[in-house]
Each structure stands twice: as structure tokens, then as C-alpha cells.
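Novice: Need coordinates for the following:
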Amino acid sequence: MQMLLPTQIDGLVGSASGSESVLAFGVISGIAGACALIVYPLTGALSDRTTSR
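Specialist: Residues are numbered from 1 along each chain as shown. Next up is the predicted model:
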């Protein structure tokens, strides 16, 4: 979940390094956004093909 991600990153990176934690959060959020840009339209197209109206 996105709400728990900062806490999990602090546990992995360490809470002493604030800038590394922010960088890791940004990278993970960017990857998640890029995946959403690709996966959501594909699943929508698949749903349109497999669902009768």
C-alpha cells in the first residue's frame, strides 16, 4: 500500500539517511506510475474484448 511505503523504506534504508529514503520513495513511485500507464489500458482493452455488453 502506498500509505505504508515510507515506513517500509525507512526500515530498509535506515531512518538516519533522509535523502536516500526520499530518493527511494521517488524511484518506487515512478516505477509504479510507469507500470500503471502500461497495465491499465491493456487490462481495459482485454476487458472490452472479453465482456459482452
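Novice: Quick check: which helices or strands does the helix or strand bottoming out on mean pLDDT in the chain pack against?
Specialist: The helix or strand of the chain with the poorest confidence is helix 5-13; it has a mean of 85 (mean pLDDT, DSSP states H and E). Under the contact definition 3 or more Cβ pairs under 8 Å, 6 or more residues apart in numbering; DSSP states H and E, helix 5-13 sits against helix 18-50. In short, each C-beta sits where N, CA and C put it, glycine included.
Novice: could you give me the average pLDDT of the helix it packs on?
Specialist: Averaging pLDDT along helix 18-50 gives 92.
Novice: what is the orientation angle of it with helix 5-13?
Specialist: Helix 18-50 and helix 5-13 meet at an angle of 130 degrees, taking axes from the mean of the first three to the mean of the last three Cα atoms, to 10 degrees as the criterion.
Novice: buried ones in helix 18-50?
Specialist: Neighbour-count burial for helix 18-50 flags 21, 24, 25 (criterion: 16 or more other Cβ atoms under 10 Å).
Novice: which of those lies closest to residue 4?
Specialist: residue 25 (11.7 Å; Cβ to Cβ).
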